[in-house]
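What follows is a predicted structure for the sequence shown.
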Amino acid sequence: MSTDTEAILTGVRSWAEENGVDVDSVEESEIVVTLPGEKKLKTNVAISVFARTAHLQAFVIRHPDENAAEFNRWLLLKNLRPGPVTFAIDSLGDVYLRASIPRERLLEELDVLLGAMLATADSAFNELLLIGFLTGMKKEWAWRISRGESTRNLAAFEDVLSGPDNEFLGAESEQSPEFPESPEPPESAGSTESTAGIAEAAGSKTENPGSKTENPGSKTDKQGPA
């Protein structure tokens, strides 16, 4: 006998409360939880409950600025490894994690599935940044150094960005690098606290990551991979 959808969502909310995880939103058949990470500061996972299955989906990073072929090859190679979650891209090339499970097994497997979502998103984030956004990060590092701004948001990449391979270091530029779109655009490019850097913006997305279709293969809008 199928578990009632409302009871499943209540169970997810209880899991979140027990584990100190924020619940971002709840709809009729979907709940979004926010998992805190280290490299990727937060991962929003939408859990959608359908007639026979439950789908989990999390946005990882937006489409790359460069090296798209290498970027996508990296994702495909990761998908060859066994595990409960897989990478997918939408029509824009934005990257998601997906998982599906029979709805009656969701609550008993929830801890494992969300743990895998968080671990995979967190471990992949910096590697994908280096493949798909390296030039932008070099420019941002050089611009911040030239203005005496904090480089804290890029500290994990200091070995790569501060060395002789950064061709932008020492170049004269009064104009800030063009940061990709972010949910909270900076009011002033000269403010260390308000400037949204490449790393933060690449990992941000304003759309709800959830999918509202039983068949993930038919998804064509901007809220999830096709």
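That came in fine, so what should we check first?

Packing partners of the helix or strand that contains E158?
According to DSSP states H and E, E158 maps onto helix 158-161. Packing partners of helix 158-161 (3 or more Cβ pairs under 8 Å, 6 or more residues apart in numbering; DSSP states H and E): helix 134-147. C-betas here are computed from N, CA, C, even on glycine.

what about the helix it packs on, average pLDDT?
Helix 134-147 shows an average pLDDT of 96 in the prediction.

Grab the nearest non-local neighbour of the residue nearest the centre of the chain.
The chain has V60 as the residue nearest its centroid, 2.1 Å off, counting by Cα atoms, centre = their mean. Nearest non-adjacent residue to V60, counting by Cβ to Cβ, 6 or more residues apart in numbering: V95, 4.4 Å away.

give me every residue that touches the one you found.
F59, V60, I61, R62, H63, L75, F87, A88, I89, L128 (Cβ atoms under 8 Å, 6 or more residues apart in numbering).

thinking again about what came up before, buried residues in the helix holding E158?
In terms of neighbour count (16 or more other Cβ atoms under 10 Å), helix 158-161 has its buried residues at L161.

residues making contact with that helix?
L130, L134, M137, K138, W141, T151, L154, N166.

Which other helices and strands does the helix or strand harbouring the first one contact?
Element membership of L130 [criterion: DSSP H and E] is helix 106-132. Using 3+ Cβ pairs under 8 Å, 6+ apart as the contact criterion, the neighbours of helix 106-132 among helices and strands are helix 5-18, strand 30-36, strand 42-49, strand 53-61, helix 68-79, strand 95-102, helix 198-202.

show me what contacts A121?
For A121, the contacting residues are G37, K40, T43, A58, V60, L97, by Cβ under 8 Å, 6+ apart.

for N166, that is, sorry about that
Contacts of N166 by Cβ under 8 Å, 6+ apart are K138, W141, A142, V160.
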